[in-house]
Every structure is written in C-alpha cells, then in structure tokens.
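Engineer: sequence first, then the predicted structure:
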Amino acid sequence: MITELWYSAPGNLEEALQLLQEDPPYLILAGGTDLMVQYYDAREKMGRVLDISRLEELKGVEIGQEKVFLGSLTTHEQIYRNRELQKLTPLLSRAAGTVGATQIRNQGTLGGNLANASPAADLAPPLIALEAKVMLVGPRGERSFNLDEFFSGPGETRKNPEEIIKGVEFPSPRGDFRGVFLKVGQRRAMAIAVASLAIGLTCKNGTCEEIRLACGSVAPVPLRARKTEEILRGKKLEELPVEEAAGQLEKEANPIDDIRGTAEYRSRVLGNLLRKGLQEILSQKGVSANG
Amino acid sequence: MTLKVNGKEYTREVEAATRLIDLLRDELRLVGTKEGCGKGECGTCTVIMDGKTVNSCLVLAPQANGREIVTIEGLAPEGKLHPLQEAFIKKGAVQCGYCTPGILLSAQSLLEKNPHPSRDEIKEGIAGNICRCTGYKKIVEAIETVSEGREEHAE
C-alpha cells in the first residue's frame, strides 16, 4: 500500500529555496535516518519531500587556521573518520562515532542531526562546546545563530521552514584548548543518549580561562550549563571545585522520565560525567591546529 | 529513474513513496535483501550504495537515482561463493540466516576499507547488524579468517 507522496530533488540550492516557498510546505530530506523512520507510522504526514542530498552547495569540510566549516551534508561517518578533525576536535569526532552504527553514520548528516533538534542529538553538545554557529540560507539570504541559541524545544529550532541549514562554523581550537565528549547509552552501538556531556576548556598558565559545558538528553533542548561554567571559570586546574560543579550541574539539568531512563538517574549520571570529563581533561595535553 | 545494481543497469518508473528495499525486492526481484524492522535499527536490509553501506529501508528509491548498488546477490555474481560466504559456512556463522545478507555486506564493506581489521574493528563494523540468534562469535571469527586469509596471499 502506497499513499501518495511528492518528491523533488532540485539540482541546485536556488531551485531548492524556490520550492521551499511553495505551500503546503515541503519536508526536507537529506540522509533520511530520522525522517524515514516515520515511514510506516506517519507516511501520510510526509506529503511533499524535498531531497537536498545532492546539493553541492551544502557539502564540504574546510579546516583553516582560523575557522572550521562543515557543510550540512557532511555525514557522521565523514566527521568520525576525518583525521584532521580527530586531531583538532576529538570531542566532535567521538560524538559522531557514537551515532548509530556505520550504516546510520553513512546516511545521517550533520544538518539533519541539528534540524531534527532532538534533545539527544549527539553532535549538538560538542559543537556548542566548540562555540559553533549554525549558518542558514533562505530566500532573503543567509543568517546564523549561535548553536546554543538555535534550539527552541524538542524537535523545534529557530530555522524558518523556507530556510535550509548550510553548515556550521566554529573557531579552530588553539593549542590551549582541551575538549571531551562523554555519552551514556543503554548499549555500546545504536544507542540514543541517556545523558551526554561535552566540555570545551581553554587553559592559560594552569588556569581554566574559558569553559563551555553542553549536555544532551537532560533538558528539552541541548543544554548549555552556564551556571556550572561560572563555578569552574577562572579556577586553577589543580583546584577545580569539581564536587561543587557536579552538584550545580545536576540542579541545572531538567531531564524527563522516559523509556531510556528516569529524570533522577539522568541527573546523577550527568554529574558523574562531569567528574569523569574533568578528570580526562586534566590528563590531556592541549590540541593544536598546527599539530 | 536509472540505477546500477550489481553491475547491471535498470531503468524503472517508481512511485515516489517507494523505498530502495521495495524497489530491489518487488521490482527487481532481488529478494536476498531482507526487511527486518523497517526503521534502520536492525541492519538486515543493508546494501552498499556508492561504496558505502546503507539501510535500504531508510532510502527513498528516487534517492538512489544514478547510484550504484551492491546487494547480496552481487557478492556471488556467477554462483561462485564469495570468500566471506565460504567462511561463514565453514565456521557455522549462519543460524537462521535472516541477518546474514546484511552482515556479509557490512563485512565486505569493512574489509574493502580495512583489509586487516582487529577484532574490535570487526565488532564495530557489524555493530549495525543485529543477529537475533545471537551467533556473533562465529560471525566475527568467520570475518577474521577471511582477513587472515588475505594476509597469507599478500605474503
């Protein structure tokens, strides 16, 4: 049984943006790993599908001295296997590697992971920790959001329906940047996060000069834990108030009970992830764009 | 739409809502590709598209327009079994057999990229394929023997 479905695969971005202005709106399809899961249960809601997976304008990985740009069609597997990114942003590579398994990583894209706006989106915490901006392109040109301000609720973003995610951009980490990504799931492969945490820390003369904490699956959106950051910012690395920070982080989180875990469990796990993550960071040497 | 499957070109008119797995099984009668969960969890419907494994239940058929697909039928084109298939039989890595086509293609894709994977790399390579008979040990061993066999050839 096949219900009617309209499918368009525009050859270039301009054409795609034009189609997106039509009513009723198109659903944007890239890798399909989120959208196609609804195939059996909600196909009638799929209606009109705009396949952007061939748009060259959305591809490409540019790793420069100043900035890193990742096109929205970059797959999780490409991020996971990219040797330069493994060196420069191991927290991002690690997060990409925890998504699904090879087949899902080959199909699922960075842009899709962000547009789907799951609180458990694995790429969101490391990208927030890396101070990423998400670049949108629409009929009236381009605009961008800081990624930590992009998500507005579960499955919701500040992207308009007629806009397409072009990619993300973040400053190339300097030699004094240290980052880590930790995720707890129910099994080692194909796991959706019960809780995850990305830490991006810039250290100067043994002091935590700047820190960004971003958590997954513990709030309606990927959560930047600003109050916990404040407790750690400016402190000597040897004297980080880890326990105080872990306690604050548990309070700052706002998780729910669901099939993967209870709210109480998630908060507890998140505190532990911070303890473990900070320990890992203290044992790391800085990574550098110059290698 | 036109696509190449196991080296052969096909042109078909399909409903937009057709998935790649439906095209392969119902139109092209390549029924070696199995459907399990239909939600990208189990990996039974794995095929290789443009050199990469994908779950064919998550691909709309029109997305495969112009692409090159390898299905399980493509592993043994002239009825001569692929070394991986031989190894699976020899090691007893096939139980009910439902997951086998997908696992073979994941293994094939892994060995293409990494001819001598470690045991952990093999496990990672087939992590997207569920075997509900849970016969993973022999599956991993079978893939290992093919990888080691290749080493002997190299020497």
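Structural biologist: Looks like it came in fine.

Engineer: wait, what's in contact with residue 99?
Structural biologist: Going with chain A. When contacts are counted by Cβ atoms under 8 Å, 6 or more residues apart in numbering or on different chains, A:Val99 touches A:His76, A:Tyr80, A:Arg105, A:Gly108, A:Asn113, A:Asp122, A:Leu123. All C-beta atoms are positioned from the backbone trio N, CA, C, and that covers glycine.

Engineer: my bad, chain B
Structural biologist: B:Lys34, B:Gly36, B:Cys42, B:Gly43, B:Thr44, B:Asn129, B:Ile130, B:Cys131, B:Arg132, B:Cys133.

Engineer: possible to save these as CSV with neighbour count, distance to A:Val134 and secondary structure?
Structural biologist: Converted to CSV, these look like this (neighbours: other Cβ atoms under 10 Å in any protein chain shown; distance: Cβ to Cβ, whole Å; DSSP: H, G, I helix; E, B strand; the rest coil):
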residue, neighbour count, distance to A:Val134, secondary structure
B:Lys34, 20, 38, coil
B:Gly36, 20, 34, coil
B:Cys42, 23, 32, coil
B:Gly43, 29, 31, coil
B:Thr44, 25, 35, coil
B:Asn129, 29, 33, coil
B:Ile130, 21, 34, coil
B:Cys131, 23, 39, coil
B:Arg132, 12, 39, coil
B:Cys133, 12, 44, coil
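
Engineer: still on that earlier bit, now the contacts of A:Val99: which count as buried?
Structural biologist: Those of the contacts of A:Val99 that meet the buried threshold are A:His76, A:Tyr80, A:Arg105, A:Gly108, A:Asn113, A:Asp122, A:Leu123, by 16 or more other Cβ atoms under 10 Å in any protein chain shown.

Engineer: the second one: what secondary structure?
Structural biologist: What DSSP: H, G, I helix; E, B strand; the rest coil gives for A:Tyr80 is helix.

Engineer: could I get the contacting residues of it?
Structural biologist: Contacts of A:Tyr80 by Cβ under 8 Å, 6+ apart are A:Ser93, A:Ala96, A:Gly97, A:Val99, A:Arg105.

Engineer: okay, the residues you listed in CSV with secondary structure next?
Structural biologist: Formatted as CSV, those follow (three-state DSSP):
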residue, secondary structure
A:Ser93, helix
A:Ala96, helix
A:Gly97, helix
A:Val99, coil
A:Arg105, helix
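
Engineer: which one among those gets closest to A:Glu44?
Structural biologist: A:Val99 (28.3 Å; Cβ to Cβ).

Engineer: what sits against the residue sitting nearest the centre point of chain B?
Structural biologist: For chain B, the residue nearest the mean C-alpha position is B:Leu105 (2.4 Å; Cα atoms, centre = their mean). Residues in contact with B:Leu105 (Cβ under 8 Å, 6+ apart) are B:Thr46, B:Val47, B:Ile48, B:Thr53, B:Val70, B:Thr71, B:Ile72, B:Leu75.

Engineer: identify the farthest-apart pair in the contacts of A:Val99.
Structural biologist: Spanning the widest gap among those are A:Tyr80 and A:Asn113, at 12.5 Å by Cβ to Cβ.

Engineer: tell me the confidence at A:Pro173?
Structural biologist: Among the per-residue scores, A:Pro173 shows a pLDDT of 96.
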